[in-house]
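1. predicted model, plus sequence, below.
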Amino acid sequence: MFKIQFSILLILFAFSGFAQKSEIAIPMKNGKVYYEESYQPNSSLKQQVLFSRVLVWFKQDFPNTEKIKISDDNKTGEISGSVIFKIVTSGTGNYYFVRFAINIKVYDGGYTFTADEFYEKPIESGISNAYSKIEYRWWDYRQGKPWSVEDEMLFKGIASGETALMSSLENEIK
């Protein structure tokens, strides 16, 4: 069910991106792209139950997303890993891989989700196919100096993909 909702969200997002130019919300902390959100879905849920649900979430497959669990510690309630999004930025086949680290800390009644260490890798002819920190590109884009005409779609894809990822975790916990 989530795969369908996620796909529809990405399609609608892509079409609306061409119709209007809007502000893109990508949070920053200390000059770095940094998402952090705490959730308290149910005060009666024990840490172990939440921990198990997060592990199930890590194993789920989502369109254009690869999640890799790196470590989990049942005692501390911390699970960390990395995520790679594929963001299509044009009708010509150009796309980007966006890789970032996530950390989820569960506790009785809730959890905290953080995502940081964002890197982008363009898959486009004539451009280096190496990962680089997203902050340089994001800074220039916000200053009105995009590196590519596809930057707007890239950043909109990051913002919508991250929001969808956090929502999918929230839905799994519920």
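-> Cool, the structure landed.
2. only C-alpha atoms from now on, for both contacts and neighbour counts.
-> Noted.
3. who's in contact with the residue nearest to residue 66 when sequence neighbours are not counted?
-> Nearest non-adjacent residue to residue 66, counting by C-alpha to C-alpha, 6 or more residues apart in numbering: residue 84, 5.1 Å away. Residue 84 sits next to 65-67, 97-100 when contact means C-alpha atoms under 8 Å, 6 or more residues apart in numbering.
4. helix or strand for residue 84, which one?
-> According to DSSP states H and E, residue 84 maps onto strand 78-88.
5. sheet partners, orientation included, of that strand?
-> strand 65-73 (antiparallel), strand 95-107 (antiparallel) (DSSP bridges).
6. single out the most deeply packed of those strands.
-> strand 95-107 (a mean of 22; mean count of other C-alpha atoms under 10 Å).
7. beyond that strand, next helix or strand please.
-> strand 110-123.
8. if you count contacts, what does that following strand end up packed against?
-> Other helices and strands packing on strand 110-123, by 3 or more C-alpha pairs under 8 Å, 6 or more residues apart in numbering; DSSP states H and E, are strand 32-33, strand 35-39, helix 47-59, strand 95-107, strand 132-133, helix 134-142.
9. distance to residue 115 and mean pLDDT for these - can I get that in a markdown table?
-> Compiled in a markdown table, these are given as follows (distance: least, C-alpha to C-alpha, whole Å; pLDDT from 0 to 100):
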| stretch | distance to residue 115 | mean pLDDT |
| --- | --- | --- |
| strand 32-33 | 8 | 96 |
| strand 35-39 | 5 | 95 |
| helix 47-59 | 14 | 92 |
| strand 95-107 | 4 | 95 |
| strand 132-133 | 14 | 92 |
| helix 134-142 | 13 | 93 |
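10. so which of those gets nearest residue 157?
-> Evaluated over the helices and strands packed on strand 110-123, closeness to residue 157 peaks at strand 95-107, with 9.5 Å, by C-alpha to C-alpha.
11. what's around residue 145, how many residues?
-> 12 (other C-alpha atoms under 10 Å).
12. is it in a helix, a strand, or coil?
-> coil (DSSP: H, G, I helix; E, B strand; the rest coil).
13. where is the longest helix in this protein?
-> helix 151-173 (DSSP state H).
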